[in-house]
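Visitor: Got a predicted structure here, sequence first:
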Amino acid sequence: MQTFPQPARKKKATFKITAAILITVLLFFIMIQFIPVTQTENHSFLKKGKRPLIIAHQGGDGMAPGNTLAAFSLSEKLEVDMLEMDVHLSKDGEVVVIHDDTVDRTTNGTGSVKDMSLEQLKQLDAGYHFVGPDGTHPYRNKGVTIPTMDEIFTTFPGYPMTIELKTADLLLADKMADLIKKHNMTDKVIIASFYDEALNYFIEASDGKVPVSSPSEATRNFVIAHKLFVERLIPMNKYTAVQIPMRASGLDLTSERIVKSLHNRNIAVQYWTINDEDSVRKLVEIGADGIMTDHPNFVKKVLDQEYGEVQ
């Protein structure tokens, strides 16, 4: 009479298959840990010691009208480590420093930046809407204008900066590459953008000599791979910095492991936009290289309390 396998035999076979799969996966992960990673050559933006760099977001948008000479000058007086700004192209092809693609929110004008000439943009009051802590408008009618990138480089020669390309226009990338070369700022700036095509084009336009922050796709791929412990599979050697928020898509990005993994490649880790004391202390604790903030005066105070004033 024919007999059928007993349940115990089926369980044993299933166990062997499962064990073989687990061993294969384990060996795969072990092998990945031996994959060498390429280190980035530019170390300029790694923190010195335990104190992270203070990066003035839009020059310090919480202290003065963002992306204006007024804000950048205040941050310079505070001796922040880096200035952060955003750039667009005017109708006549000038690189201008402004966050939005329209002038409505930050000036007394209306319309798209790309549809206005530099002369028209310069006529606007870039301090019009800024509200001070006492509820007044301290910069209204004070001659605060939208600056050009050329003005910024001329006014703050050699000052470290991170500059975001706010459009996908490849001409903007070309113009920025030319301005950086003209002002000898090659080793002093980080170029960033949420437009991967524009950022990758900039890398080519600058012959890969200007530091860049990792584009959105590369950052996303690295973060996902990091969570799966396979980040060594993701090439990052083109990038000098990774600029990320503390959380994204429900994921906590504030771990010592992600910072150490990027430091193994000599890549700086900079977080945005940080405006509270708990977050500052958390980022110091995990070894972040930079803290981008609207209130550099506040972050400086916290770091001075923690480590003493910079001499």
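Guide: Perfect, thanks for sending it.

Visitor: So which residue is dead centre in this protein?
Guide: What sits nearest the mean C-alpha location of the chain, by CA atoms, centre = their mean, is residue 243, with 3.0 Å.

Visitor: Now that one, what are its backbone angles?
Guide: Residue 243 has phi and psi values of phi -110, psi 120 when expressed as degrees, to the nearest 10.

Visitor: likewise residue 192?
Guide: phi -130, psi 160.

Visitor: What residues does it make contact with?
Guide: The contact partners of residue 192, by CB atoms under 8 Å, 6 or more residues apart in numbering, come to 162, 163, 164, 165, 199, 212, 213, 241, 243. Every residue, glycine included, has its C-beta placed from N, CA and C.

Visitor: And the contacts of the longest strand belonging to the chain?
Guide: The longest strand of the chain (DSSP state E) is strand 82-89. By CB under 8 Å, 6+ apart, the residues outside strand 82-89 that reach it are 45, 53-59, 67, 72, 75-76, 95-99, 101, 113-114, 149, 152, 156, 159-167, 169, 171-172, 175-176, 290, 292.

Visitor: try stretch 274-289
Guide: The contact list for stretch 274-289 (CB under 8 Å, 6+ apart) reads 45-47, 50-53, 62, 241, 246, 254-256, 259-260, 263, 268-271, 291-295, 298-299, 302-303, 306.

Visitor: Next, count neighbours for residue 105.
Guide: By the measure other CB atoms under 10 Å, the count of residues near residue 105 is 10.

Visitor: Sorry, wrong one. I was asking about residue 184.
Guide: Residue 184 has 11 neighbours, counted by other CB under 10 Å.

Visitor: Against residue 122, how distant is it?
Guide: From residue 184 across to residue 122, the span is 26 Å (CB to CB, to the nearest Å).

Visitor: do residue 56 as well
Guide: For residue 56, the distance to residue 122 - CB to CB - is 23 Å.

Visitor: How about residue 96?
Guide: The gap separating residue 96 from residue 122 is 9 Å, by CB to CB.

Visitor: likewise residue 292?
Guide: 28 Å.

Visitor: Compare these two and say which one has the larger neighbour count.
Guide: Set side by side, residue 292 and residue 122 show more neighbours around residue 292, with 23 against 16, by other CB under 10 Å.

Visitor: what's the one helix or strand that one maps to packed up against?
Guide: Per DSSP states H and E, residue 292 falls inside strand 290-293. On a contact count with 3 or more CB pairs under 8 Å, 6 or more residues apart in numbering; DSSP states H and E, strand 290-293 meets strand 53-56, strand 241-244, strand 268-271.

Visitor: Export the ones you listed as CSV, with columns for mean pLDDT.
Guide: Below are those laid out as CSV (pLDDT from 0 to 100):
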stretch, mean pLDDT
strand 53-56, 98
strand 241-244, 97
strand 268-271, 98
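
Visitor: any chance of those strands in CSV, with distance to residue 231 too?
Guide: Formatted as CSV, the helices and strands packed on strand 290-293 follow (distance: least, CB to CB, whole Å):
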stretch, distance to residue 231
strand 53-56, 23
strand 241-244, 11
strand 268-271, 13
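
Visitor: of all these, which lies closest to residue 140?
Guide: With CB to CB as the measure, strand 53-56 is the member of the helices and strands packed on strand 290-293 nearest residue 140 (21.8 Å).

Visitor: mind showing which ranges of the stretch 1-150 of the chain have poor pLDDT?
Guide: Applying pLDDT under 70 to the stretch 1-150 of the chain flags residues 1-17, 19-20, 22-43.

Visitor: Could you rerun that using 90?
Guide: By pLDDT under 90, the low-scoring segments of the stretch 1-150 of the chain are 1-44, 48-50.

Visitor: Now do the helices in it.
Guide: Using DSSP state H, counting those that start in this stretch, the helices of the stretch 1-150 of the chain run over residues 7-32, 69-78, 118-122, 149-155.

Visitor: Which neighbouring elements make contact with the last one?
Guide: To tie it back to what came earlier, the one meant is helix 149-155. Applying 3+ CB pairs under 8 Å, 6+ apart, one finds that helix 149-155 makes contact with helix 69-78, strand 82-89, strand 95-97, helix 170-182.

Visitor: Show me the helices in the stretch 151-300 of the chain, by range?
Guide: 170-182, 196-205, 216-227, 256-263, 277-286, 296-307.

Visitor: quick one, the fourth one and helix 277-286 angle?
Guide: Using axes from the mean of the first three to the mean of the last three CA atoms, to 10 degrees, the interaxial angle of helix 256-263 with respect to helix 277-286 works out to 60 degrees.

Visitor: average pLDDT across stretch 295-311?
Guide: On average, the pLDDT along stretch 295-311 is 86.

Visitor: Identify the residues contacting that stretch?
Guide: Residues contacting stretch 295-311 (CB under 8 Å, 6+ apart): 49-52, 54-56, 60, 62-63, 75, 78-80, 274-275, 277, 280-281, 284, 291, 293.
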